[in-house]
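> Below is the sequence, then the predicted model.
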Amino acid sequence: MSYQKFARDVGFIGVVQILTSLSTFFLLPIITKTLGTYDYGLWAQINITVSLISSLALMGLSMSFVRFLSSETDKDQIREAVYSILFFVTVSGFLASLILYIFAEPLATFGFKDPEASYFIQAGSLLILVNAVESISLFYFRIFRQIEKFSYFTFFETFGKLIFILIFIKMGYGLLGVIAATLMVQGLIFLITLIIIISQIGFVIPRFTYIREYLQFSLPLTPNSFIRWITESSDRYMVTYFLGLGSVGVYSAACSIGNLIQFFVNPLQLILFPELSKLFDQNKMAEVRIYMSHSLRYFLIIAIPAAFGLSALAKPLIAVLTTKDFISGWFVIPIIAFAGLMAGIFQIFVNTMFLIKETKPATYINIIAAVINVLLNLILIPSIGILGAAISTLVSYCLMAAFCVHISLKHFKLDFYYLDIAKSILSSTAMYFFVSSFTISGTLDLFEAVGAGILIYLLVMFLLGGFTDHEISLIKKYLFRSKLNPNTK
């Protein structure tokens with residue numbers, strides 16, 4: 001894969017991620033304004049519970065899928081691996097769904113502090129199975145560089161949920177309609193992807209020839225899923241315990257806006273890890289370092305202004321997207337945005353441990369972050385409410401990023417482009433003060449502020465020399481269809 005194709009694929013997924021984030025932008029007001037803080041909090045709790053159990057049901061096999069098949073060309077081995085993993089995950093996902101269904105009542109009573117929530121937990125239990133098998137089927141397209149198909153499915157899933165949730169809510173089904181729409185769309189996407197996979201590689205009944213090797217790699221990663229969940233989502237349970245489901249609704253709505261930063265690392269990571277795995281297996285260490293260095297730089301010069309922008313627009317964003325009952329959580333958004341920035345840095349550097357197949361350090365990092373997160377939540381939530389939960393998340397991700405960078409640099413010496421990062425911070429600061437001066441009373445004003453902020457950031461970056469001549473040439477080539485100057489370095 002050439003650098004241009006790598007950048008093109010990342011850019012293509014990036015565009016799709018922007019469109020899906022716009023879907024989230026429209027979906028949030030639909031759900032919050034219809035369900036209210038309490039039911040939205042209940043939906044958030046079901047979501048984080050399903051995400052935890054789904055990741056455990058996967059047993060880390062999605063990472064084995066990427067690590068072992070990214071450079072594989074033998075069609076028989078690919079076919080055996082795909083169906084072995086898919087069948088294994090189907091069984092584990094079904095069992096996990098069944099367990100949640102059986103234990104829905106005690107979970108509702110002790111975890112959700114609402115015994116009546118058991119009905120909705122049971123309705124959402126099947127989401128575990130659907131999440132697990134769909135993630136494996138989508139990973140197939142990611143691994144074998146079918147980026148356009150992967151992106152289209154991501155796009156259709158997001159907007160499909162938006163449309164059907166809107167329909168079911170308008171029909172008066174409320175939270176049950178949200179669950180049903182999610183199940184229906186994800187189930188349909190899985191069936192379509194499975195048909196395409198069969199058409200490309202055929203179908204065999206798996207013999208599980210390589211499953212032991214895959215599990216040896218993936219099982220040590222499985223606790224990471226639980227530990228990462230503690231860092232990312234366990235604060236919702238603590239907020240429920242100390243403050244109630246209504247506060248969870250407020251906190252989750254704010255987090256969903258702050259977490260938009262994650263969209264900037266997701267397209268990069270989707271392409272980066274399979275490509276790094278292939279280069280590493282081919283012993284092209286210089287190229288591994290180049291890809292990681294440039295990926296870090298590109299992520300930061302996009303994510304830094306995004307974090308500043310979300311901070312500047314936090315209050316008007318939550319006011320426009322939700323109801324007055326949610327506005328009290330606006331101050332959470334900047335903290336979660338910068339936590340997402342740290343999470344993105346961690347995501348890029350943790351690839352080193354996966355490449356050298358030493359996953360224990362990643363586990364230790366996650367354990368330390370999770371323990372600190374829980375302790376801080378126990379101390380801060382009772383005293384300062386949801387602000388304490390946000391601060392705990394930020395501190396945890398800062399530690400994760402710091403530890404991971406330290407360990408990664410022992411194996412790969414990367415360029416950090418400190419001057420470009422400093423220019424990005426200065427440009428973002430200018431943008432922050434400019435956007436903060438806007439008076440925003442509606443959606444149109446919000447879009448105008450976002451557009452103006454982007455222009456100010458780009459202008460200051462150009463004036464400071466934050467973009468190289470080669471990057472400007474590539475922008476002209478791919479955005480304005482001009483020819484790339486062959487003499488540009």
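The structure has been received and is ready for your questions. Residues are numbered from 1 along each chain as shown.
> looking at it, residue 350 is touching residue 404, isn't it?
Yes. Under the criterion of C-beta atoms under 8 Å, residue 350 makes contact with residue 404 at 5.4 Å. For glycine as for every other residue, the C-beta is placed from the backbone atoms N, C-alpha and C.
> between those two, what contacts are shared?
Residues within reach of residue 350 and of residue 404 at once, by C-beta atoms under 8 Å, 6 or more residues apart in numbering, are residue 362.
> from memory residue 276 sits against residue 285, does it?
No. The criterion here is C-beta under 8 Å, and residue 276 misses it with residue 285 at 10.6 Å.
> Settle it for me: which of these two has more neighbours?
residue 276 (22 against 13; other C-beta atoms under 10 Å).
> Next up, the contacts around the more buried one.
Here residue 276 is in contact with 288, 291-292, 351, 355 (C-beta under 8 Å, 6+ apart).
> what pLDDT does it get?
The confidence metric pLDDT takes the value 80 at residue 276.
> Show me the strands in this structure, by range?
Using DSSP state E, no strands are found in the chain.
> as a whole number, average confidence for stretch 177-184?
Here the average pLDDT along stretch 177-184 is 94.
> Look up the closest residue to residue 201, ignoring the ones flanking it.
Excluding its sequence neighbours, the residue lying closest to residue 201 (C-beta to C-beta, 6 or more residues apart in numbering) is residue 79, at 4.8 Å.
> That neighbour contacts residue 204, doesn't it?
Yes. The criterion here is C-beta under 8 Å, and residue 79 meets it with residue 204 at 5.4 Å.
> Tally up the residues packed near the nearest residue to residue 357 once chain neighbours are set aside, please.
Distances taken as C-beta to C-beta, 6+ apart place residue 217 nearest to residue 357, at 6.8 Å, with adjacent residues excluded. The local packing of residue 217 (other C-beta under 10 Å) involves 17 other residues.
> can you list the weak-confidence ranges in this structure?
Applying pLDDT under 70 to the chain flags residues 1-26, 70-71, 267, 270, 359, 470-489.
> how close does the residue most central in space within it get to residue 93?
Geometric centre of the chain, nearest residue: residue 262, 5.1 Å, by C-alpha atoms, centre = their mean. Noted for residue 262: a distance of 24 Å to residue 93, by C-beta to C-beta, to the nearest Å.
> likewise residue 275?
Distance from residue 275 to residue 93, by C-beta to C-beta: 28 Å.
> Which one's more surrounded, those two?
Between residue 275 and residue 93, counting by other C-beta under 10 Å, residue 93 is the more crowded of the two (26 against 22).
> Residue 54 is in contact with that one, correct?
Yes. Proximity of residue 93 to residue 54 meets the contact threshold set by C-beta under 8 Å, at 7.2 Å.
> Touching both of these two, which residues are there?
128, 131-132.
> Make TSV out of those and add neighbour count and distance to residue 469.
Conversion of the shared contacts of residue 93 and residue 54 to TSV gives the following (neighbours: other C-beta atoms under 10 Å; distance: C-beta to C-beta, whole Å):
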residue	neighbour count	distance to residue 469
128	28	50
131	24	45
132	30	47
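> List the ones among those residues that fall in helices.
Counted as lying in helices by DSSP state H, out of the shared contacts of residue 93 and residue 54, are 128, 131-132.
> mind listing what the nearest residue to residue 331 once chain neighbours are set aside touches?
Distances taken as C-beta to C-beta, 6+ apart place residue 387 nearest to residue 331, at 6.4 Å, with adjacent residues excluded. Contacts were defined as C-beta under 8 Å, 6+ apart; by that measure residue 387 touches 331-332, 335, 380.
> quick check, nearest of those residues to residue 306?
Among the contacts of residue 387, residue 335 lies closest to residue 306 (C-beta to C-beta), at 14.4 Å.
> Make sure the closest one is actually in contact with residue 258.
Yes. Between residue 335 and residue 258 there is a contact under C-beta under 8 Å: 7.1 Å.
> which neighbours do the two share?
Taking C-beta under 8 Å, 6+ apart as the contact rule, residue 335 and residue 258 both touch residue 390.
> Between these two, which is the more surrounded one?
Remark: of residue 335 and residue 258, residue 258 carries more neighbours, 27 against 22, as counted by other C-beta under 10 Å.
> Residue 329 is in contact with that one, correct?
No. Between residue 258 and residue 329 there is no contact under C-beta under 8 Å: 9.8 Å.
> so what's residue 380 closest to, chain neighbours aside?
In space, residue 380 is closest to residue 388, 2.6 Å off (C-beta to C-beta, 6+ apart).
> and that neighbour, what does it touch?
Shown in contact with residue 388 (C-beta under 8 Å, 6+ apart): 376-377, 379-382.
> Next, find the distance separating it from residue 110.
From residue 388 to residue 110 the distance is 22 Å (C-beta to C-beta).
> Ok, residue 320 next?
For residue 320 relative to residue 110 (C-beta to C-beta), the value is 36 Å.
> and the spatially closest residue to residue 178 that is not a sequence neighbour, how many neighbours does it have?
Leaving out its chain neighbours, the residue that sits closest to residue 178 by C-beta to C-beta, 6+ apart is residue 165, at 5.3 Å. Neighbour count of residue 165, defined by other C-beta under 10 Å: 22.
> close enough to count as contact, residue 165 and residue 34?
No. Counting by C-beta under 8 Å, residue 165 sits too far from residue 34 to count as a contact (9.3 Å).
> Could you check how many residues crowd around residue 317?
24.
> if I pick it, what's in contact with it?
By C-beta under 8 Å, 6+ apart, residue 317 lies in contact with 257, 310, 330, 333, 446.
> ok, 10 Å please
When contacts are counted by C-beta atoms under 10 Å, 6 or more residues apart in numbering, residue 317 touches 25, 28, 254, 257-258, 260, 309-310, 330, 333, 440, 446, 449-450.
> what would the residues you listed look like in a markdown table with distance to residue 160?
Below are these laid out as a markdown table (distance: C-beta to C-beta, whole Å):
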| residue | distance to residue 160 |
| --- | --- |
| 25 | 16 |
| 28 | 17 |
| 254 | 26 |
| 257 | 22 |
| 258 | 25 |
| 260 | 20 |
| 309 | 28 |
| 310 | 26 |
| 330 | 30 |
| 333 | 27 |
| 440 | 30 |
| 446 | 25 |
| 449 | 30 |
| 450 | 25 |
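> of those, buried ones?
25, 28, 254, 257-258, 260, 309-310, 330, 333, 440, 446, 449-450 (16 or more other C-beta atoms under 10 Å).
> Tell me the one of the residues you listed nearest residue 299?
When the buried ones among the contacts of residue 317 are compared against residue 299 (criterion: C-beta to C-beta), the nearest one is residue 260, at 14.1 Å.
> can I have stretch 330-346 written out in PDB, keeping just the CAs?
Taking C-alpha atoms only, stretch 330-346 is exported to PDB below (Å, rounded to 0.1, in the frame of the first residue of the first chain):
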ATOM      1  CA  TRP A 330     -22.300  21.100  29.400                       C
ATOM      2  CA  PHE A 331     -19.100  21.500  31.500                       C
ATOM      3  CA  VAL A 332     -18.400  17.800  31.100                       C
ATOM      4  CA  ILE A 333     -17.900  18.100  27.300                       C
ATOM      5  CA  PRO A 334     -14.500  19.900  27.300                       C
ATOM      6  CA  ILE A 335     -13.100  17.400  29.800                       C
ATOM      7  CA  ILE A 336     -14.300  14.400  27.800                       C
ATOM      8  CA  ALA A 337     -13.100  15.900  24.600                       C
ATOM      9  CA  PHE A 338      -9.500  16.200  25.900                       C
ATOM     10  CA  ALA A 339      -9.800  12.700  27.400                       C
ATOM     11  CA  GLY A 340     -10.700  11.500  23.900                       C
ATOM     12  CA  LEU A 341      -7.500  13.300  22.600                       C
ATOM     13  CA  MET A 342      -5.400  11.300  25.100                       C
ATOM     14  CA  ALA A 343      -7.300   8.100  24.200                       C
ATOM     15  CA  GLY A 344      -6.400   8.600  20.500                       C
ATOM     16  CA  ILE A 345      -2.700   9.000  21.400                       C
ATOM     17  CA  PHE A 346      -2.900   5.700  23.300                       C
END
